[in-house]
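> When you get a sec, could you give me coordinates for this:
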Amino acid sequence: MFGRWLGNRTNRVQRTGPLAAVQTPPSAGVLSCRVLDPVNEPVRHAEFAVSDTMGRKVVGGETDPYGSFVTTVPAGEYRLAVSAEGYTPYRASATIGENALASLGDVTLQVARPPELPPAGDWEIEPTHSSIGFTARHIGLARIHGRFNSFAGAVRINEPVEQSAMHVVIDAASIDTNVRMRDDHLRSGDFLDVVRFPTLEFYSERFVHKGGSRWAVVGALSLHGVTRTVTLDTEYLGLGNGMEGEVRAACRATTELHRDDFTVSWQTMLARGIAVVGPSIRIDLDVQIMRKA
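Residues are numbered from 1 along each chain as shown. This is a model prediction of the structure:
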């Protein structure tokens, strides 16, 4: 179900009011919209994406504090998608004329029903359909993308879910950035030191519901012999059935780590002329769990 339409579906061209002064390049027009909740309050920071008829994203961004957005695009046919945490996504089409404003008017987003939570019991991470990846900056240069190929984890779902617990163990030597020399250095004593610290471990007993499908999973991460508190910004995706009919639950989560917090130094590598990764690392997790046999 999409958000209820409150504007004019014919997208009438308007050049009056404050937007009449908007300057557009040749062969371009302006698309505008205001996003409201069911009680007509503006939805701040709603995400919008404008795509062409081939599905290619042309422009994206967020609504302002008044729930509005205005964007300039080449004249043509477009698809608009609006999404916000806790609401059902909204989609519409618009025709943008040259030097013209296509106003979609007011769009009301409907509150989304939160996905069903997994039932209480013991669950385990299904590694075939899960991944633990990371993104870091090559110092001063491009991004490095990598992953850990070997990991295991258990989740105990309690009632209420906020009192659940999880434990994840990652094989440090399984780090993989698709460059053998770089991976060897990441495993060495200059970085992860996998001989002394063969695993990374995360343990949590605090699940915090932030509304809708958003959760914060707060726990302790042990890396390189140091333990720090880490919060996983988590999106719960709901329940589904596997190929053999077994019930699974899925989520996505992200966090950012700072190497200095875990005494992981890169000065030795810099002295050798080997720039491996920057000071912060983004962790991205896609996880499926299934009932423990």
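
> Any buried residues in the lengthiest strand in the chain, and which?
Counting by DSSP state E, the longest strand found in the chain is strand 226-241. Buried residues in strand 226-241, defined by neighbour count with 16 or more other Cβ atoms under 10 Å: 230, 231, 232, 234, 235, 236. For the C-beta atoms, the positions are set from N, CA and C on the backbone; glycine is no exception.

> One more: stretch 80-88?
80, 81, 82, 83, 84, 86, 87.

> Got the domain ranges for the chain?
Domain assignment for the chain by automatic domain parsing gives 4-108, 121-291.

> If you average the pLDDT over the shortest one, what comes out?
What domain 4-108 shows for mean pLDDT is 81.

> Quick check: neighbours of the helix or strand hosting residue 152 in the sheet, parallel or antiparallel?
If you go by DSSP states H and E, residue 152 is part of strand 151-157. Strand pairing for strand 151-157, using DSSP bridges, gives strand 121-125 (antiparallel), strand 165-171 (antiparallel).

> May I see those organised as TSV, with mean neighbour count, mean pLDDT and distance to residue 182 added?
Output for these, formatted as TSV (neighbours: other Cβ atoms under 10 Å; pLDDT from 0 to 100; distance: least, Cβ to Cβ, whole Å):
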stretch	mean neighbour count	mean pLDDT	distance to residue 182
strand 121-125	17	96	27
strand 165-171	18	97	18
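
> Of all the ones you listed, which one comes closest to residue 62?
strand 165-171 (31.4 Å; Cβ to Cβ).

> Tell me the gap between the longest strand of the chain and the middle of its chain.
Relative to its chain's centre, strand 226-241 lies at 11 Å (Cα atoms, centre = their mean, to the nearest Å).

> And that strand, what does it pack against?
Other elements packing on strand 226-241 under the criterion 3 or more Cβ pairs under 8 Å, 6 or more residues apart in numbering; DSSP states H and E are strand 214-223, strand 247-258.

> That strand vs strand 165-171, what angle?
Going by axes from the mean of the first three to the mean of the last three Cα atoms, to 10 degrees, strand 226-241 is angled at 110 degrees with respect to strand 165-171.

> Tell me which two of the buried residues of strand 226-241 sit farthest apart.
The widest separation within the buried residues of strand 226-241 (Cβ to Cβ) is 18.1 Å, between 230 and 236.

> Let me see the contact set for the closest residue in space to residue 65 that isn't next to it in sequence.
Excluding its sequence neighbours, the residue lying closest to residue 65 (Cβ to Cβ, 6 or more residues apart in numbering) is residue 44, at 5.3 Å. By Cβ atoms under 8 Å, 6 or more residues apart in numbering, the residues touching residue 44 are 63, 64, 65, 67.
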